[in-house]
Structure formats: C-alpha cells, structure tokens
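A.B. asks: Give me a model of this one.
(2 chains)
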Amino acid sequence: MEQKKYWQSFGELNNSAAHQQNAQDEFKEELPFEGFDDKGLGSATTPRRDFLKYVGFSTAAAAVAASCEMPVKKAIPFVNRPVDAIPGVPNYYATTYVAGGNAIPVVAKVRDGRPIKIEGNELSSWSKGATTAQVQASVLDLYDTARLRFPMADKKEVSTFDAFDKMVGEALAGLNGAPVVLLTSTVNSPSSKAVIAEFLAKYPGSRHVQYDGISYSGMLLANEASFGSRMIPSYAFDKAKVIVSLGADFLGTWLNPVEFQHGYTRGRKVDPKNPSMSKHYQFESMLSMTGANADERFTHRPSEIGVVAAALLSAINGQGAAGISDAALKKGIEQAAKDLAANKGQALVVAGSNDVNVQLIVNAINDAVGSYGTTIDLVSKLQNKAGIDAEFAKLVEEMNAGSVGAVLVYDVNPAYDYFDAEKFIAGLKKVRVSVSFNEKMDETTELCKYVLPANHYLESWGDAEQKAGYISMLQPTIAPLFKTRQWQDNLLKWSGSAVIYADYFKNFWTTRLGGENTYLKALQDGVVESPAMIMGFPSFNGGSVAAAVAAVGSAKKSSGTELVIYQKATFTDGRQSNNPWLQETPDPITRATWDNYLMVSPALGKSMFNIDITNPTQADEYEAFPKKPVVKVKLGNKEEELPVLIIPGMQADTVALAVGYGRAEAIGRAAAGVGKNAYKFAVSNGTTVLNTAAVTVEKTAGEYKIATTQTHSSYEGRYEVVKEITLADYTKNPTKILDARAKELEPWGGLENYEKDGTIYPVFDKPGIKWGMSIDLNSCYGCGACVVACTAENNVSVVGKPEVLRAHDMHWLRIDRYFAGDPNDPNSIQTVFQPMMCQHCDNAPCENVCPVAATNHSSEGLNQMTYNRCIGTRYCANNCPYKVRRFNWADYTGADSFGDNMVGGKGENDVILMMNDDLTRMVLNPDVTVRSRGVIEKCSFCVQRLQEGKLAAKKAGRPLEDRDVKTACQQACAADAIVFGNVNNAESAVSKHRADNKNRLFYVQEQIHVLPNVSYLAKVRNTGEISAHEQYGKPHFMNEGGHAAEGGHH
Amino acid sequence: MIHYRSILQRVALILSVLTVLCFDQGVFAQDGKALFQQNCASCHAVHKNLTGPALAGIEERVPDKKLLYDWIRNNQAVLATGNKYFTDLYAAWNKTAMNLFPNLTDEEIGAMITYINSVPAPGAATGTGEAGVQAAAAENDNSLIFGVLTLILAIIVLVLLQVNSNLKRLSDEKEGIPSYEPVPFYRNKAYIALFAVVLFIVGGYYTIQGAVGLGRSKDYQPEQPIYYSHKVHAGTNQINCLYCHSGAQEGKHANIPSLNTCMNCHMAINEYAGEKLYREDGTEVDGTAEIKKLYSYTGWDPDQKKYVNEPKPIEWVKIHNLPDHVYFNHAQHVKAGKVACQTCHGDIQNMGEVYQYSDLSMGWCINCHRETKVQFEDNKFYSIYEKFHNDLKSGKMDSVTVESIGGTECQKCHY
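C.D. replies: This is a model prediction of the structure:
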C-alpha cells in the first residue's frame, strides 16, 4: 500500500518540471514591483528617495487623518421591542429551502432581523439536519442585487399591486375562454395545490403543467408501466449491501442527494469490531462525483447505457452479460450481477438515464433482486420531480399553434433550459397574455408581458412535501425586501378570493392538523411527519421489459464522440447560477471554478491535441498554465466553442459538459458571461429528453483560461497525505495502518511518547478544553456543502475568476481530490477526497516564523490568527506544510469605502464589485471580522461558535457538551464525515471517534512533528484486490531527484 | 581622554536626573468618593435619607472612631453587643439590615468619611467642597514637589558643571596644558547633544502617548437628544441596571432600552420633582420638559392617557464604541463573570449624562483579565479544569484568574 501513488495533477503524477517549481513556490507570482527595469534601484521610476518621501507623507497623512474628530455614531433602539428580538442575539426559525420541487427542511439563523446562515433542520427524519451546497448558498440569493424589485408590465414599473391585479385581471377576462396555462416547476406543496385548484376552477379549460429543467419523466413513465402510477419511489441506500448505479449521481445531484448521502454513509460506516460495508458499483461514461466514490467503476459509451442495463438483467437471470464486447466491462457487469444475486433483498440498482426503456429494465432488475419493499419504498414516494416531457412538448405545440390564451410562469425557465428553447420562445410570443412570477429577469421572464416577482423562500409562507407523508413548513424570516408578492397570492387574487395566502395557509393547516396549537407547533418545528402505513405494494408488471430490451439495443452507437450533459454537484441545474459562492466553489472532480468546459478523456486529448499526459513536458504545457485548448462542439445546427479539460476516468469517446452556465446578462453579474449553455445539446427521443447526444468535436485555434484550484497547493514531495485500505486488507490485518505509524514513529518515542520525545521544545499544557476534529475519509464524497457553509459562516471573500487564476483563492476549507491508477485506463482510476483546512498544529510551523506574533497558539489548542496584528509578510503561508493559509491580496468585501475602487464596471474585477454592495453585505456574519487587504486568514475552527458554545455552558453553569459546539462544516455535512469537540473529555464524540477507530486513524504528515489537531480516518475501499495499475508512475517518481527523493522515503 | 570622560560623566548625571523626573509618583491617596459609590451609595446618600440614613455629620453622631469603623465593617456584631445608639437606629430604620463590609481597611473608611465630610449640603455654596478635595489631592500628590526639586537640582548640576569646567581650564592654563578655545555653552556640542537627547526622549514620550490615545475617547460625553440622567434613575430611584439593559445578560449588547420599556414607568411619572439637575456647563435641566420629549417620541398624550401620535425612535449618540475587530460580549462578563456594571462604566448611578469612564483600550482589558478571578468553584463549567482544581487544593495556586484559563489569548476577543 505504501507504494500506491496518489496524484492531484498530471504534473504530480509525472513529477514534471512545472510541478517541482510549483512545489517550491508558495506564491506563484513575483512580487509586483512596477516600473523596475534592469538598471538597479537608483534608476527605477520609484527610487529610494521617492519611496522615503511617500513613506513620510503617508505617515503624516495617516496621523492627520487619524487625529480628526471621531465620527458620531448613533444607537437607535426599537420603539416597541418584540419580546423575542434581542439585538445581538440570533433567533432561529424553521423553514424549508424550496427550489424547483426540491424541498429541504432548514433552520434560518436570523440576526437582528436578517437571515445570515442556513442550517439543516435536525427534526426532519429524512434530511437529518443535512444540507447541500445550494442550500447553504441560498441565503446569499436573498440579497442578490439582480432580483426584480417591483411588478412590471411591458418592462415598466407598475406602482401598486392593485393596479397590476387590475391589468392582469382585465387581460385574463378578455381571453374569451381561451385556455389559461399555469406553467410551474414541480409543485409538492399541499396548500399550493389547493390554491391552484381554486384558480383553475375559476378559468374553465385551463390547466396546470409541471416542467422540470432536469427531467425525470423516464422514471415516472417507467414506474407507470411497472406499477400503474406515475411516481418515483424513495430509496434506502442504508439497507443495501450491494449498490449498482448506472450513471446516477445519487451522492451529488440525482433526485434527493441529501437523503441518499445519509443512507449511503450509514451503509458504509466501518465498524472497527466487525468490518463490513456496502459494495458500490458504478457504470458510467464520464467521471461523476458518485462514480469517484465507487468501489468498482466501469466505463461505457453513453449510448450503451441501455445495453449495459440489459446485460446486467440477463447476467442476473443467469444468462451472462449478453451483448457486451468490452472484456473489462463484461467482467464488471457479471461481477456486479453475481453480488446482486447473492444479496437479494439487500440490493439496489439505480439509473440516471431519462430513457423510459432503461428505467424499465432497471425496474426489472430491482424486481429480480428483491429491492421492492426492502431497499425501495413505493409508499413514501419522492415528490420533487413530476414533470412529464411529453406534456410540456404538447404545450409548446399548442402555444405555437396559437391556441393558448395565457401562460402564467412560476419557477421555470424553458427559454433557457428546454432543449428546443427556440420553439418555446416562438410559442410564448404567440401567447396573448404571458405573466412571469420568477424572481429574476431570466430568459423566460424577459419575454413575458407582465412580471410580478415572487418572494424569496426566506420571505415566504408555505409548505412542501418532498416525500409523501413528510411535510415541511415555510415561514418568513424577513419581510419582503422588495415590492414582491408570493405567487400563491396572485392566484388567489385572480381567482377572486379575498383571503391572502398567509391566512389561507394558516386555515389550511389549522384545519388539517386539528387546532391552532398543533399548527403553531408545526411551524416551530418546521416539519410534520405522518408517513403512510405500509400496507403492501403494487405488484410489478414486467410486460414491457422485453420490448425495452429490444429497443435499447438499437440506441447503441459504436463510433464517434458522444456528449454527456451533467450537473455539477456544486451547481446543479444552474438555478442559483448568480450565486458567487457557488460559482467559486471548485467542482469536485475538475476543481475548476467560474466556468463550464468540456471534460474529455486522456485518449481524446492525445488524439486531438497531441497531449500525452503521461509525458512530463506535454503534460506541463497543457497543465501548468490556465490556458486550455478550445474545441467546437456541433450537434445538428447547434454549435458552441468550449475549452477542454482532460480528466482521467472519462470513457475514451465521451465528452461531458455541465449545465447551468451561459446565462443572460440580466441574471446578474456573477452569472453573466460565464460558460456556455449546455441544455441546448440535449435531444428528445420522442418521449423524453435525453442528456446524451452524439456530437462532433472539432479542434479550433482558440485558447481559453480556466481557473482551476487543483494545482494551487502542493505538499512539496511529501506524499503520505491520504491513506486508503481495502476492506479485505483491513479485515485481514486491521492494524496495518497503526503498525505502519508505530514503525515510523519508533525512533522518536513511538506512538505514545511522540509528542514529548519527538521535539526539543517543551510540551504545553492544555487545561480544560482542547479542541480537535476527526474526519472520516470514508464518508467524504467531495460535494462541497462544507466549503459553502464555511464561506457563509466565516465571511470568506469571493475573489472572482481573475484572482482564482492567479491562485488567490480564499477558501478556508478545500476538498483535495486525489487520483490513483493509470490515466489511460478509465476503469482503473480511483479517487480519494480529502477535506483540508488549518490543522491547528500544536507545534505549528507558521507560528514560529511570524515576526509580529499575529499567529500563535491558544491554551485550547487553537492556532489563532489575529488579523489586526498581521502585517502581511506571508511567512506563515510559506511555512505551512498543509498550504491552508490564504492572503487577502485586495479588499474583496469593503473596497467601496473608496469611490475610485469602484470605477471600471464590467472588467477584470467585476465580481469583486458585486460583493461590495450594501445589500449583499447584509449576509455577513457580524460576529466575524471582515478581513481587509494585506492580512492572512485561515480556518479558525469557527472560533466564534466555540466561544458562543462555551458561553452557553457557562451561563447554564454546566460543563461543555458536544451539542454546544458544531463547526459550520460539520453541521453542513450530510454524511457526518466531520466530528468535532473537546478531546480532553474522553466521553466526547471526537474522543470516541478517535479511540474507536484507532486502526484507521492517521494524521497528515505526522512525521514532521507539527502535531495537528485534525485527525483523519483512512478510506476503506470495498474491493478485494488492489488494482494492478496502482504501481503506475512509480518509476518516474523514484528516478527523479530533489523532492521526489524525500517522498520516496515514506 | 579626560575630555570624553567628563562628557560621559555629565551625560550620566543629566540622565539620572531625568530618570528621577520621569518617575510618576502615582496617586497614593484613596479615592474616597469611588469607594463610597462602590460600597455605600446604593443605600446611603450624604445629605438625604435613602434606604439608610443620610451620612453627613456621621463623625459628630458617633464620636468613637473605633466603634464607627466596627459598625461599618460588621454592623451585626455591634448590634449584638447591644450598643444603645445603634440599636435605636436599627429600630428607627425598620430593622433593615445593613450589608457587611469586612474587607474595608481603616484607610479606606477614613477616605470615605473624608469624602462624606467634603460633600456640601444642598443649597450651600457649591465649589468650596470640591476645591477642598482638590487642594487635599494636590497636597497628597508629591510629584509637583519632586519636579521642582529635580529642576533645581538639575540647574545646580549644570552650574557646577560649568564651574568645574572653568576651574579645570584655569588649572590647565596654570599648568601650561594647552586648552581648547572656550566655547559658549550654547555651541558646546556636548550640551547640544544632551539637549537633543532630552528633547527626543520627552518629545517621544508625549508623541507616543498622544499616538496611543488616538481613536480612544475616554470621557466622551456627547449631548443626547434627551437629557437622560442615570443619577436620577439608577442612583436616586435605585432602578436595577438590568431592568432597562436586560440584553447584558443575554448577549453581546447590553442594549439601550426600547421606548416601551421607558413608558412602563413614565406612563405614570410625567413630571420631575427631584433635586435640581445641572448639565456639565452648569445650566439647569428641566426634568419635566425632558419627560415631555419622551412623550413626543412615543406619541403619548399624558392628559388623555393614551398614545395619540405615530411613535418615532430616539437617535441616541453611541458613547462606547469598540473597533470592528474586537468581540465583546456583555453576557460573558455580567452573567458568567458576575462583573459589576460599575467596574467598566464607572460611577454610572451618579452620572447625569453618561460619559465614557474607561478608555476601553486593549491594555485596560488585559489588565483586568490578569487580575480578575473567575467564578471557578461556583460555576460547574470550570469543573473540567482538573489541574487547576488540584493545584488549588494543594495550594500551588491561590486563585484562578481569567488569564490562567486563557483569557488573554488573541482569539478570545479577536476573530
């Protein structure tokens, strides 16, 4: 195992020249001396004397400025203070994050009247307090400057709601019976459904059409054929011993990832006494986040998905993997089938395809392996996706035919995300009355005559039923910031009702729950759960499976390039694309920010651009600079020029492109001009819209800069950073990792006395509390929710693409992605994700080198960073072995304090300007200093939360408990990968986590005796054998000199 | 050689003189007023009966100094002896028990009595008492005398040095040793150098002091939209600080009360009839008019006894301003630390308009954190500090200060 090589970049794989250079330099660029030429300091444009003059003048000016009169500040108390509103003390309100049918129960932290942080609602039995990156980022959307601020007709402001109601009322009345269509995303809100029913009753002939940008109609229709009703069941990944995913990114974007991550994790927590875990097979074409976490991964052509499914079915039925020519794939399918068949009732197969036939075959497989009723729950249906592609296509036809009188649009944007957007746009123009309730001037709203922006979810009343029987409530956490109104109110008003939705909602639930008290309790808890009793399942009808198997065979293509349109785990469908937090969060696989791009295989890179990534020189040319080659992707008459990223693990003929980019200007500054729209490359097979297409890819002469963060940090040749062990190995020799550590530390006191004997420094006491964190690499899937949570909690600046390009990214927490395996064999690629933040070393190298003691150690084991003391030498960042310190190269959040900073508009630092708005800054956490230019910052273990938790315990006069303190990253994680607490307390969760898993425990770079307070548990991969390709790269690695030699010792 | 040595001698002399000069002699006198405010003022006034009797003339009433001091320290013990005067007094005041002050020293009690005697009776000519106190303070403060003495000594030293050099020159001439041309002292490089050094040190000291003080606003006392007297509310009427500033127990801000809190009392209290109030500049304040101002903000009509106008908030001027990079939490200090408001806000119950009592500098915070003891035994939170508990038991430590549990570390306040 020691020889298995992990690499973050091709440069690291080959130990190329650029990688070595990169490893040496903490800061990539030269110091920005301007005006120097080679003639020496004296003849520089700013010589020493001028410099001294400037110093003198600025000191004098600062002194004068500082001695000016202090500004008078006002303190304005409430006139009538609400009982529970204490200025400076946050309130927490349960509500629900709702976006395009997805509903996740959350708790909003409201500080002095404004929501500043979203946490998961722990009372929800299926989300269990977990969130996603989108949920965490949604609070920033509330303060988006590009939100629409008032109702409009023909792009002109309408002064009052009454005037608007009158206008639209008259327009609807004048339709003379032409049908009104309410076009929304999936609605799973019981009260809203009632409102819609009232509205539709008022306008006879009208109907409600649900449309999902990312469609699941393939599943809905397949389940209709198999079980007689259009529905999506819920999946219990925790009950499955064998999980086979056919291209479903269930940990990142597929259906309900929060619930699935939780279940998947439960099935894979390795009990040290009885090691066992579920086995996860992934068959896919591109490298998805879920695929990166699979135990066994096999690649195939995108069009082959149906054939793979059919082969799996036939293998389970004992007829072998029929129709598969690729030997590795065939072996994989048969192996998966064997495991599935051996674990009947404890097996689960899911597929990401929107092809009805594929889903029909998958249903047949699930039926064959006994999943229904065990790992698949047909009663607690998932209700977040209900759109049927054919129904929407029919609507588009009718619109084009001119037979639709009015379209009311809410929360959908087909002009952007429909595969045939042009047809929709043409149709919309023929509709007499078009009204949009969307929050922004998006591509569809732009075309609507009337616009009445809806409230943000944090400003709304409402309810949602993500899973049947699991209701979650919405309550406003702030009064509407702008002149906006809930869309339900519009419908009520226009159906002639006199009640407002808030009252309607209250009545609705008071009646249903049987009293006002239960209603108020439901609001307070945010969730009401009354899952239906399981009374037996509809029986499986396999009648159409044979036809499906026959149909998928013809879909397979054997040559040419195929495109997969996918969702990034950080970005999903692009609904929140104007959210700079999400834009700047690196994609789990590519680690790229602020763009979409074409992911291509190393094989394609070689054949098209002559880049052999195993050749150090060629790899450097491709990788060391942000400029990437640009290709032209063509599908029929649609084409787009796209930059290329070479990613190992991609099937050779597959290219992949993420959706959500290429937005209209009016969406906002962060989204405008970023990437290209991928939705238009989707194709319809007549029944559903598919996310794969056969395309042609042509090389162009162009180049394009992509801001990736993966090569920004390097361990300078110290490679023992991640540890991994196979389940077989772990079962056979549980103490393998512990023994290796013991052996390594033996000369310096061994495991027991390493702290004391490994150093000449004294060992300092940590009386009382000593904070510590333990991260289970087995449960980290790379989704990035923690990164966004950290950004939101700690006021981490958005720096923008130009700064990320210069390696000035600011995230305190990064998720390093390591590949292992042969880059030329996509099946061999294994991926490890590792969250990396300040390790709060007890013997921290950064502390010793600070000339002003701005960073030092606390008696609680925190590596403290004091911004007001920092003078910006950056010695600490240079000396940090983990590369987790970040420098503020500019004033990213407060630059507008000087007007001249804001001159420029659309340009290099446009994004930075976006965060410099008083509205946007309302999201800042007032308990955390906003860092200004010239200081270093880094993870603080959320010290503001630690202080708050300690104070809560002190006020109650009791010892600190685990529930008092949770770091933001820990709280956001759906997989509970992060455990935090007081390690001095042997009963704390973190102490137990470490003690119970002693055999998997390790510290990153333990050998350099920095004594980190963050420990990791090695990843366990459920594969029997170590991949033959693991030795790959070792010859390069061992033969190179310098840093590589050091790495070789370990 | 000799020449250099003499210069060195002179420099050394002058420097030692300067060192003496720079020593601040400090204030040794007990601040009787502060002690009084801290210990007595919640129940006693000097010329007015509050919970307890007025204290003016206390020495005349109880001439036995020892008895008086014993009474002040432990009145229960004196009552137990059956002293008639005090037993009667106790009965006359409805047997309201007086607090015990066993820790007060004779000097402290003396200082308080000096203060009590110095307070003029209301209506008596103001100023004399204050002036007397100030004169007494000046007498106690020796730094002026030391300064004058130092100056005189310095002049004598200079004169002697000059004489010495003249004599030396004369003797040199006599012995025929060639001497340098005499230079007037203002062109003597040694003196110029000395002067420069002195200027640098003195100037530097004041520059640094001035620079350190930049941005601090001790004694800041802005004029507020309403003349709100803490003296009337917290002093005379004994309203608990936390009645209005309830946030101090809850979170980081103590919070200025909202207007509905004011109106809890001021619905009934619509005129001021207490002792006369004066602003800093000596002008008299019409208390009733100030209450009217409150009504104008809240929209209350005292005649109709109801709110008639739209209320508007009061824009108070914020007095205590901390920089953004400092985290301060009132609850930590008031609730967990059990620190009295007066520790930081001074004699708040005797302030008319509030001024900033402490300079709120970091040094001030740190000093307090070094000296203040935490509620180590009382608060179970600290039970996890096993080492300190053992050290306390074994006598290795006598108390646990905020500093010993990490209260002076950067990230206790800066994050």
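A.B. asks: Where do the domain boundaries of the chain fall?
C.D. replies: I went with chain A, as the question did not name one. Per automatic domain parsing, the domain ranges recorded for chain A read A:10-23+A:713-1044, A:152-215+A:387-525, A:225-298+A:309-380, A:559-708.
A.B. asks: I was after chain B.
C.D. replies: B:2-25+B:143-213, B:32-140, B:230-334, B:337-412.
A.B. asks: could I get those as TSV with distance to residue A:669?
C.D. replies: Every C-beta, even on glycine, is put in place using the N, C-alpha and C of the backbone. As requested, the domains of chain B are exported to TSV (distance: least, CB to CB, whole Å):
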stretch	distance to residue A:669
domain B:2-25+B:143-213	42
domain B:32-140	58
domain B:230-334	26
domain B:337-412	34
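A.B. asks: Adding distance to chain B, mean pLDDT and mean neighbour count, write the domains of chain A out as CSV.
C.D. replies: Listed next are the domains of chain A as CSV, based on distance: least, CB to the nearest CB, whole Å; pLDDT from 0 to 100; neighbours: other CB atoms under 10 Å in any protein chain shown:
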stretch, distance to chain B, mean pLDDT, mean neighbour count
domain A:10-23+A:713-1044, 4, 84, 20
domain A:152-215+A:387-525, 17, 91, 19
domain A:225-298+A:309-380, 27, 90, 22
domain A:559-708, 21, 89, 21
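A.B. asks: got these as CSV, with distance to residue A:100 columns?
C.D. replies: Formatted as CSV, those follow (distance: least, CB to CB, whole Å):
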stretch, distance to residue A:100
domain A:10-23+A:713-1044, 18
domain A:152-215+A:387-525, 4
domain A:225-298+A:309-380, 12
domain A:559-708, 6
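A.B. asks: For residue B:355, which non-adjacent residue is spatially closest?
C.D. replies: Using CB to CB, 6 or more residues apart in numbering or on different chains and skipping the chain neighbours, the partner closest in space to residue B:355 is residue B:221 (3.6 Å).
A.B. asks: All the strands of the stretch 301-415 of chain B, residue numbers only.
C.D. replies: For the stretch 301-415 of chain B, applying DSSP state E, counting those that start in this stretch gives strands covering B:306-307, B:316-317.
A.B. asks: residue closest to the middle of chain A?
C.D. replies: residue A:570 (2.5 Å; CA atoms, centre = their mean).
A.B. asks: Is it correct that it is in contact with residue A:589?
C.D. replies: No: using CB atoms under 8 Å, residue A:570 is not in contact with residue A:589; the gap is 10.4 Å.
A.B. asks: Strands along the stretch 1-150 of chain A, start to end?
C.D. replies: Taking DSSP E, counting those that start in this stretch as the test, the strands found in the stretch 1-150 of chain A are A:74-75, A:91-99, A:102-111, A:114-120.
A.B. asks: Packing partners of the first one?
C.D. replies: Helices and strands touching strand A:74-75, as assessed by 3 or more CB pairs under 8 Å, 6 or more residues apart in numbering or on different chains; DSSP states H and E, comprise strand B:316-317.
A.B. asks: Name the spans of chain B whose pLDDT lies under the cut-off.
C.D. replies: Per-residue confidence for chain B (pLDDT under 70) gives these ranges: B:1-30, B:42, B:48, B:50-51, B:122-141, B:179-182.
A.B. asks: Just give me the longest helix of the chain.
C.D. replies: You didn't pick a chain, so chain A it is. helix A:48-66 (DSSP state H).
A.B. asks: I was after chain B.
C.D. replies: As assigned by DSSP H, the longest helix anywhere in chain B is helix B:143-175.
A.B. asks: ok now do the residue nearest to residue B:355, which residues does it touch?
C.D. replies: Taking CB atoms under 8 Å, 6 or more residues apart in numbering or on different chains, we find residue B:221 in contact with B:280, B:319, B:353-356.
A.B. asks: cool, and residue A:365?
C.D. replies: By CB under 8 Å, 6+ apart, the contact set of residue A:365 is A:244, A:309, A:312-313, A:316, A:340, A:349.
A.B. asks: now, the most widely separated pair of these?
C.D. replies: Maximum pairwise distance in the contacts of residue A:365, criterion CB to CB, is 12.4 Å, between A:309 and A:340.
A.B. asks: for the closest residue to residue A:1011 other than its chain neighbours, helix, strand, or coil?
C.D. replies: In space, and not counting its chain neighbours, residue A:1011 is closest to residue A:842: 3.9 Å by CB to CB, 6+ apart. Here residue A:842 is recorded as coil under DSSP: H, G, I helix; E, B strand; the rest coil.
A.B. asks: Show me the helices in the stretch 301-450 of chain A, by range?
C.D. replies: Secondary structure of the stretch 301-450 of chain A (DSSP state H, counting those that start in this stretch): helices located at A:305-316, A:327-342, A:356-368, A:389-401, A:414-417, A:421-430.
A.B. asks: Export the ones you listed as TSV, with columns for distance to residue A:983.
C.D. replies: What follows is those, written out as TSV (distance: least, CB to CB, whole Å):
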stretch	distance to residue A:983
helix A:305-316	46
helix A:327-342	39
helix A:356-368	44
helix A:389-401	54
helix A:414-417	48
helix A:421-430	55
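A.B. asks: closest one to residue B:397 among these?
C.D. replies: Checking these against residue B:397 by CB to CB gives helix A:327-342 as the closest, at 62.9 Å.
A.B. asks: gap between that closest one and the chain center?
C.D. replies: From the chain centre to the centre of helix A:327-342 is a distance of 31 Å (CA atoms, centre = their mean, to the nearest Å).
A.B. asks: Check stretch A:49-63 too.
C.D. replies: That offset, for stretch A:49-63, works out to 47 Å (CA atoms, centre = their mean).
A.B. asks: what does stretch A:465-481 give?
C.D. replies: Distance of stretch A:465-481 from its chain centroid, counting by CA atoms, centre = their mean, is 22 Å.
A.B. asks: quick check, the residue nearest to residue B:355 in a strand?
C.D. replies: No: counting by three-state DSSP, residue B:221 is not found in a strand; it is coil.
A.B. asks: could you measure residue B:118 against residue A:867, distance?
C.D. replies: Here residue B:118 is placed at a distance of 49 Å from residue A:867 (CB to CB, to the nearest Å).
A.B. asks: Repeat that for residue A:151.
C.D. replies: From residue A:151 to residue A:867 the distance is 44 Å (CB to CB).
A.B. asks: Going by distance to residue A:859, which of the contacts of residue B:221 wins?
C.D. replies: The closest of the contacts of residue B:221 to residue A:859 turns out to be residue B:356 (CB to CB; 31.6 Å).
A.B. asks: right, and the closest one touches residue B:322 too?
C.D. replies: No: judged on CB under 8 Å, residue B:356 makes no contact with residue B:322 at a distance of 11.2 Å.
A.B. asks: neighbour count winner among those two?
C.D. replies: Set side by side, residue B:356 and residue B:322 show more neighbours around residue B:356, with 19 against 11, by other CB atoms under 10 Å in any protein chain shown.
A.B. asks: ok, for the more buried one, nearest residue in space, not its chain neighbours?
C.D. replies: residue B:220 (4.5 Å).
A.B. asks: ok, the one you found - how many residues close by?
C.D. replies: The number of residues packed near residue B:220 is 19, by other CB under 10 Å.
A.B. asks: quick one: the helices in the stretch 151-300 of chain A?
C.D. replies: So, for the stretch 151-300 of chain A - with DSSP H, counting those that start in this stretch - the helices run A:161-173, A:190-202, A:217-227, A:257-266, A:289-292.
A.B. asks: can you tell which of those helices is closest to residue A:898?
C.D. replies: Closest among the helices of the stretch 151-300 of chain A, using CB to CB: helix A:161-173, at 40.0 Å.
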